[in-house]
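Peer 1: Fold the following and give me the result.
(chains A and B)
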Protein chains: 2
Amino acid sequence: MKFTVDQKVFSKALSDVGRAVTQKSLVPILSGIKVIAEDEGITLIGTNSDIIIKRFISRDITSRNISIEQIGSAVVSERYFTELIRKLPEDVHIEVSDTQVIKVRSGDIFTQLNGFRADEYPQLPEIDQTNLIGMDANELKEIIKQTVFATAKNETRPVLTGVHFTFSNDKLTAVATNSQRLASRINEVHVSKETSFIVPSSSLNELVKQISDYSGIVKMYSADGYILFETDEISLYSRLISGQYPNTSKLIPNEQKTVLTLDREILVKGIDRACLFASEWKNNNISLSIKNRKLCISSGSSEMGSIQELQEIKDLSGDDDLKISIDGHFLKEALHTIMDEEINIKLNGSMRPIVIESTHQTSSYLHLISPVRSF
Amino acid sequence: MKFTVDQKVFSKALSDVGRAVTQKSLVPILSGIKVIAEDEGITLIGTNSDIIIKRFISRDITSRNISIEQIGSAVVSERYFTELIRKLPEDVHIEVSDTQVIKVRSGDIFTQLNGFRADEYPQLPEIDQTNLIGMDANELKEIIKQTVFATAKNETRPVLTGVHFTFSNDKLTAVATNSQRLASRINEVHVSKETSFIVPSSSLNELVKQISDYSGIVKMYSADGYILFETDEISLYSRLISGQYPNTSKLIPNEQKTVLTLDREILVKGIDRACLFASEWKNNNISLSIKNRKLCISSGSSEMGSIQELQEIKDLSGDDDLKISIDGHFLKEALHTIMDEEINIKLNGSMRPIVIESTHQTSSYLHLISPVRSF
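Peer 2: Next comes the predicted model:
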């Protein structure tokens, strides 16, 4: 293998792919990045046990200085190779001999790195091209951001550590819950066949980072046990979580005693202040109540002190005799993912979950938070 | 105590003073900030066992909204008070009752914090106003930055964990060393009496942060066991390190076999790359040598690989048959603190320390690094 590549382009691609690589792998070769030089361009692959990231640097894009002199492949230490390329000043010349020694030259700088045997690197999973779903990248990123935060952080019920995607009747329903709160989002998507799968939250967070600047179509191919998200430059393979996802549709109440319309940004700041006085070992317990048609947010502990603030309610319908204790952090996180200026909070008494929804009829997201006991 | 103050000004001052406060203090009151309201303005004090930071918010500055309604003082939890003030939207009203409860109001937000007894807060040390040394803030910051990094990180010889300041013959000499490297800087300062003291590196680093935007005169008052750095708004008291500082002037060689003139920025980048291949458990050992009147920087390990690069030497005088092994991180840190575009490296063979100096005759700084054994 022998090629020359622009330092900036190569360095950026290496650090993207390197995000999948873990240094702690028990299999030494997985601490490396596979570099493949072909006539069309350079491919980089990095993986850990959960995801594989593949990045392609095309030779066709004329703004980049790439020339492939000899095709081939090599596996190099992610840590040292990425750091080294980042610190080089200009075009990088790579040459790999048969003895797995990678020679890197840039100007008057000569380095040699010890590599791994490229043929020992694991093969990429095979993909069934028929199971294709295409989605707009910005829509996909928004769906992930509005659900992924609500997944469970501990592994006692593995299915809850991922987001459940269901494609059915030309609709995508994405749901995440940790059993105290739930986030759900519905989008219109054309699919030829019904399907559903659970994607680990860590893979989705990584996907959002990898495609953060991309706004075209993301192709999704699901297979037994894994899924591939693909653009022209990036491929991200993730394992899927196996198991039965709980039926969450029954949890969402059909009616409500009270509906409050509130300014989202003002509410977030008030909840944030109240969380200061809420203790973690009491589920970040804060109280919401209605006083003289104003929303009263309060919290306190004997150790620190207390806070109480009143906020305007833009619209109030139903029962106004109300007091509920909920986890302030859960409410804050849900409100942070919403883009609307105004939101509706729907309540059914102090022992039933609250629902946070858009004020628009065509609402596509919904957040549900269970109350905490305040005694 | 009762006063109203602009939220932004108060929040900034609290977070500055809070930098001195440690949550882990065995004395609970030291985890608080003392707030004093007087006719002239508001004073905030925070301390740990090493430093005291005092910040004054003057009522005279008309751009700030401050009104003192009742003088007095209180001690409040640094952690919760600072966080709370930071999250408030507008002017902050503070009122303290006799029962040590601090009431904070801002718009429709009402909070109560439990305080400490203000009269139990330690008194500030008394200062002998005659031992005054005035220094330009920017000069002082530069002196600190060019020396403090070279102090010892471990406490086996406590005097080496501070910077030694000597005022003598209208000159200030600041020296720091960890016994493998030394940084020294000389400035002209008018002083009425000769004095010397050792200031802990942590206090100096904090001082640089506190006065980062200030460019007037810093007043320094030294006393037995502590020192005060003072501007109109900030006072920083630090303990001094007691003990005899080693006589370092003898370590600096008077002559040299070889002098190299090099571009500082290019050299830093080369050393940085070479450090990648230098192992920590071998003292970050990198090699410098001269090949065909070029500087050859190299390092390597059997595990990772090797690097070698050649750099132009702008000027070379003396013996050009030379090879020396030194700690690359020490060299990098020294070069980072220098502002000159070109620097001189003076060498006396492979077993003697190297000297890094300015190319100007009126040089005020000097860095000395001992070689490491490369076998």
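Peer 1: Show me the helices in the stretch 201-350 of chain A, by range?
Peer 2: A:201-210, A:264-276, A:328-336 (DSSP state H, counting those that start in this stretch).
Peer 1: wait, which of those is closest to chain B?
Peer 2: Chain B sits nearest to helix A:264-276 of all these, at 4.8 Å, using C-beta to the nearest C-beta. For every residue, glycine as well, the C-beta is placed using N, CA and C.
Peer 1: low-scoring stretches of chain A, by residue?
Peer 2: The model of chain A has pLDDT under 70 over residues A:61-64, A:280-281, A:361-363, A:374-375.
Peer 1: Tell me which residue of it is furthest from the middle?
Peer 2: Most distant residue from the mean C-alpha position of chain A: A:D108, 41.9 Å away (C-alpha atoms, centre = their mean).
Peer 1: which ones are touching it?
Peer 2: With contacts taken as C-beta atoms under 8 Å, 6 or more residues apart in numbering or on different chains, A:D108 has the following neighbours: B:E309, B:L310, B:Q311.
Peer 1: now, which of those lie within strands?
Peer 2: B:E309, B:L310, B:Q311 (DSSP state E).
Peer 1: Just put the residues you listed in a markdown table and tack on neighbour count and distance to A:V218.
Peer 2: Supplementary listing: those in a markdown table, determined by neighbours: other C-beta atoms under 10 Å in any protein chain shown; distance: C-beta to C-beta, whole Å:
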| residue | neighbour count | distance to A:V218 |
| --- | --- | --- |
| B:E309 | 21 | 42 |
| B:L310 | 17 | 47 |
| B:Q311 | 20 | 46 |
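Peer 1: Tell me the one among those nearest to B:G41.
Peer 2: B:Q311 (55.7 Å; C-beta to C-beta).
Peer 1: Pretty sure that closest one sits against B:V268.
Peer 2: No - with contacts counted by C-beta atoms under 8 Å, B:Q311 stays clear of B:V268, the gap being 10.9 Å.
Peer 1: one step back: in JSON lines: the helices of the stretch 201-350 of chain A, plus distance to chain B and mean neighbour count.
Peer 2: Shown next, in JSON lines, are the helices of the stretch 201-350 of chain A (distance: least, C-beta to the nearest C-beta, whole Å; neighbours: other C-beta atoms under 10 Å in any protein chain shown):
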{"stretch": "helix A:201-210", "distance to chain B": "25", "mean neighbour count": "19"}
{"stretch": "helix A:264-276", "distance to chain B": "5", "mean neighbour count": "20"}
{"stretch": "helix A:328-336", "distance to chain B": "12", "mean neighbour count": "21"}
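Peer 1: how many neighbours does A:A150 have?
Peer 2: Around A:A150 sit 25 other residues, with neighbours defined as other C-beta atoms under 10 Å in any protein chain shown.
Peer 1: oh, I was asking about A:S212
Peer 2: A:S212: 10 neighbours (other C-beta under 10 Å).
Peer 1: Next up, identify which helix or strand the closest residue to it other than its chain neighbours is on.
Peer 2: Distances taken as C-beta to C-beta, 6 or more residues apart in numbering or on different chains place A:K141 nearest to A:S212, at 7.5 Å, with adjacent residues excluded. Secondary structure here is read from DSSP states H and E; on that basis A:K141 sits in helix A:137-147.
Peer 1: Packing partners of that helix?
Peer 2: Counting by 3 or more C-beta pairs under 8 Å, 6 or more residues apart in numbering or on different chains; DSSP states H and E, the packing neighbours recorded for helix A:137-147 are strand A:171-177, strand A:181-188, helix A:201-210, strand A:217-222.
Peer 1: Of all those, which one is nearest A:I252?
Peer 2: Among these, strand A:181-188 comes nearest to A:I252, with 7.7 Å by C-beta to C-beta.
Peer 1: Go ahead and name everything in contact with that closest one.
Peer 2: Strand A:181-188 is contacted by residues A:139, A:142-143, A:146-147, A:149-150, A:170-177, A:248, A:251-252, A:327, A:330, A:334, A:337, A:364-370 when judged by C-beta under 8 Å, 6+ apart.
Peer 1: Can you name the residues of the stretch 151-300 of chain A sitting close to chain B?
Peer 2: A:K269, A:G270, A:D272, A:R273, A:L276, A:F277, A:G300 (C-beta under 8 Å from any C-beta of the partner chain).
Peer 1: Phi, psi for A:L160 please.
Peer 2: Its backbone dihedrals place A:L160 at phi -80, psi -10, with angles given as degrees, to the nearest 10.
Peer 1: and the gap between it and chain B?
Peer 2: Taking C-beta to the nearest C-beta, to the nearest Å as the measure, A:L160 and chain B are separated by 31 Å.
Peer 1: Excluding chain neighbours, give the residue nearest to A:K87 in space.
Peer 2: Counting by C-beta to C-beta, 6+ apart, B:R273 is the residue found nearest to A:K87 once chain neighbours are left out, at 4.8 Å.
Peer 1: Wait, the one you found touches A:I85, no?
Peer 2: No - no contact is recorded between B:R273 and A:I85 when judged using C-beta under 8 Å, the distance being 10.6 Å.
Peer 1: on that earlier part again, so which of the ones in strands among the contacts of A:D108 reach chain A?
Peer 2: B:E309, B:L310, B:Q311.
Peer 1: Which strand or helix spans A:F167?
Peer 2: Short version: A:F167 belongs to strand A:162-168, going by DSSP H and E.
Peer 1: Apart from its neighbours in sequence, what residue is nearest the residue nearest to the spatial centre of chain A?
Peer 2: For chain A, A:N205 is the residue whose C-alpha lies nearest the centre (C-alpha atoms, centre = their mean; 2.1 Å). Across the structure, with C-beta to C-beta, 6+ apart as the measure, the residue nearest A:N205 apart from its sequence neighbours is A:V148 (6.2 Å).
Peer 1: and that neighbour, how far is that from B:E142?
Peer 2: If you measure A:V148 against B:E142 using C-beta to C-beta, to the nearest Å, the figure is 48 Å.
Peer 1: These two: which has the busier surroundings?
Peer 2: Taking A:V148 and B:E142 together and counting by other C-beta under 10 Å, A:V148 has the greater number of neighbours (23 against 18).
Peer 1: My read is that the more buried one contacts A:V199, right?
Peer 2: No - contact status for A:V148 versus A:V199: not in contact, 9.1 Å apart, counting by C-beta under 8 Å.
Peer 1: overlap in contacts of those two?
Peer 2: Taking C-beta under 8 Å, 6+ apart as the contact rule, A:V148 and A:V199 both touch A:V163.
Peer 1: How about the residues of the stretch 1-150 of chain A by chain B?
Peer 2: That would be A:77, A:80, A:83-84, A:87-89, A:101-102, A:108-114, which are the residues of the stretch 1-150 of chain A within reach of chain B (C-beta under 8 Å from any C-beta).
Peer 1: Now, of the residues you listed, which are buried?
Peer 2: For the residues of the stretch 1-150 of chain A next to chain B, a burial check counting by 16 or more other C-beta atoms under 10 Å in any protein chain shown picks out A:77, A:80, A:83-84, A:87-88, A:102, A:109-114.
Peer 1: Wait, a strand at A:T43?
Peer 2: Yes - with the criterion set as DSSP: H, G, I helix; E, B strand; the rest coil, the secondary structure at A:T43 is a strand.
Peer 1: and the closest residue to it other than its chain neighbours, what are its bridge partners?
Peer 2: Of all residues beyond its chain neighbours, the one nearest A:T43 is A:I36 (4.3 Å), with distances taken as C-beta to C-beta, 6+ apart. Each beta-bridge partner of A:I36 is listed here: A:T43, A:S73, as defined by DSSP bridges.
Peer 1: Just list the residues touching A:I36, thanks.
Peer 2: Residues touching A:I36, when contacts are defined by C-beta under 8 Å, 6+ apart, comprise A:I42, A:T43, A:L44, A:I45, A:G72, A:S73.
Peer 1: how about a cut-off of 7 Å?
Peer 2: A:I42, A:T43, A:S73 (C-beta atoms under 7 Å, 6 or more residues apart in numbering or on different chains).
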